Every structure is written in C-alpha cells, then in structure tokens.
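*Asks:* the sequence isn't on hand, but the structure is:
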C-alpha cells in the first residue's frame, strides 16, 4: 500500500512540475492566434483532424494540450520507472511515447469534434 501511495505522489509531483514548466514557458507567451507560430500539438490537431482553432478558442485548446502533455509525460515517467536498466528504460519510453501521444491526441480531437458540432 505504501508503494502505491509513493507512486501516486510521484505521478502528481511530476505532473505538477511539467505543467508549471509548460505554463511558465509557453502559455505566458501566447498573445494571439498565429497560424505560422502554432505549437506542434495544435498543428497536429489542425492538419490530422481538421480542428477549427479560431472557433474553439486558441487559449482553450492550449490549456487542454498543456494538461494532456503533462499527463503523458508523467504517465511515461511512472511506467518506465518500473525498469531498472537505463538503456531498457529509454527504449521502453521511446516505444511507449508515440502510441500514448497518438491515443491521447485522438481523444482530444474527438472531444473537440463534438464541441464543433454543438
């Protein structure tokens, strides 16, 4: 039970650290929507899922992406923490990061597609 509590606290700590870094370094810089200076996550949503950023609100999308990216980083950190060897840990993280990103971004796109329909 103690190990589970340690893991949950570690997840929350990593999540908060990553989210605060995203907030300080990227969210504070957002002024206006500029198609040429979109972050990579927003570009992926626009080109792959045809999300209307202007209609949904650029800042709203950025807030959600910051939360989701922080969740992904914390999740991969916790899952790879189970592996002791650093080289295998890096390999597992590399293999795991792409499907997790694709899955979470697919869920975000599905949510925003439903929002566009309303």
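*Replies:* Received, thanks. Source: prediction; values computed, not measured. Numbers count the residues shown, from 1 in each chain.

*Asks:* can we go C-alpha only for contacts and neighbour counts from here?
*Replies:* Noted.

*Asks:* so which bits of the biggest helix by length in the chain are buried?
*Replies:* Using DSSP state H, we find that the single longest helix of the chain is helix 86-117. Neighbour counts over helix 86-117 (16 or more other C-alpha atoms under 10 Å) mark 89, 93, 101, 104, 105, 108, 109, 112, 113 as buried.

*Asks:* show me what it is packed up against.
*Replies:* Using 3 or more C-alpha pairs under 8 Å, 6 or more residues apart in numbering; DSSP states H and E as the contact test, the elements touching helix 86-117 are helix 40-49, helix 53-56, helix 58-80.

*Asks:* just those helices: most buried one?
*Replies:* Comparing those by mean neighbour count (mean count of other C-alpha atoms under 10 Å), helix 58-80 ranks first with a mean of 18.

*Asks:* helices and strands around that helix, which ones?
*Replies:* Helices and strands touching helix 58-80, by 3+ C-alpha pairs under 8 Å, 6+ apart, are helix 2-25, helix 40-49, helix 86-117.

*Asks:* need these in TSV with distance to residue 67 and mean pLDDT, can you?
*Replies:* Output for these, formatted as TSV (distance: least, C-alpha to C-alpha, whole Å; pLDDT from 0 to 100):
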stretch	distance to residue 67	mean pLDDT
helix 2-25	7	94
helix 40-49	12	91
helix 86-117	11	94
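
*Asks:* now residue 105: how far from residue 43?
*Replies:* If you measure residue 105 against residue 43 using C-alpha to C-alpha, to the nearest Å, the figure is 12 Å.

*Asks:* now swap in residue 3 and tell me
*Replies:* Taking C-alpha to C-alpha, one finds residue 3 at 39 Å from residue 43.

*Asks:* what's the answer for residue 21, then?
*Replies:* Per C-alpha to C-alpha, residue 21 is found 21 Å from residue 43.

*Asks:* for residue 6, same thing?
*Replies:* Per C-alpha to C-alpha, residue 6 is found 36 Å from residue 43.

*Asks:* could you do residue 94 as well?
*Replies:* Distance from residue 94 to residue 43, counting by C-alpha to C-alpha: 22 Å.

*Asks:* what strand or helix carries the nearest residue to residue 54 once chain neighbours are set aside?
*Replies:* Counting by C-alpha to C-alpha, 6 or more residues apart in numbering, residue 54 lies nearest to residue 33, which is 7.5 Å off, once chain neighbours are set aside. Using DSSP states H and E, residue 33 is not contained in any helix or strand.
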